[in-house]
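Student: Sequence plus the predicted model coming up.
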Amino acid sequence: MKITCLVLFFCVALWSDNVLCRMTEKQLTAAVKLVRNMCAGKTKATAEDIDKMHVGDWDVDHNAMCYMYCGLNMYKLIDKDNKFDRKSAEAQLAQLPASMHEYVNKCMDQCENAATSFDDKCHSAWEYSKCMYFCDPEKYFLP
């Protein structure tokens, strides 16, 4: 029950259109950790593959690609056609710490059309996530 309440809190904080304040870096880190834990369990992605992506090694199995779909889907960054949802991303930008705005705007411009195949939602999400990583590895914050 405790985890359900925590998940609900973060979902409301992350995805509400009426948020009155920005997340702190610490809150963002906690939210990313929560999504990571939920998506890793849901997709059976290994910690090894998840960690590989965070250091620029994107040679991972399909479960790890589905892990990225889970994360992007939870953040509402991918639409039902497996395309990047720019409108939703822009709506959420105000909730991120101010230090992330330049990075997110730059990478949205660079990666909005990064996916080349939309038949596999996991592969599309992997392509978007990979582009976001290489846009600026130091600031990459997807789960």
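Tutor: Noted; the coordinates are in hand.
Student: now Ala115: how far from Leu34?
Tutor: 25 Å (C-beta to C-beta, to the nearest Å). Yep, even glycine has a C-beta here, placed from its N, CA and C like the rest.
Student: more crowded one of the two?
Tutor: Higher neighbour count among Ala115 and Leu34: Ala115, with 22 against 19, using other C-beta atoms under 10 Å.
Student: ok, that one to Ala47 distance?
Tutor: From Ala115 over to Ala47 the distance is 25 Å, taken as C-beta to C-beta.
Student: do Asn37 as well
Tutor: Taken as C-beta to C-beta, the span from Asn37 to Ala47 is 10 Å.
Student: between these two, who's got more neighbours?
Tutor: Taking neighbours as other C-beta under 10 Å, Asn37 and Ala47 compare with Asn37 leading, 13 against 9.
Student: tell me the secondary structure for that one?
Tutor: Put simply, Asn37 is helix when judged by DSSP: H, G, I helix; E, B strand; the rest coil.
Student: Look up how far Pro137 lies from it.
Tutor: Counting by C-beta to C-beta, the gap from Asn37 to Pro137 is 22 Å.
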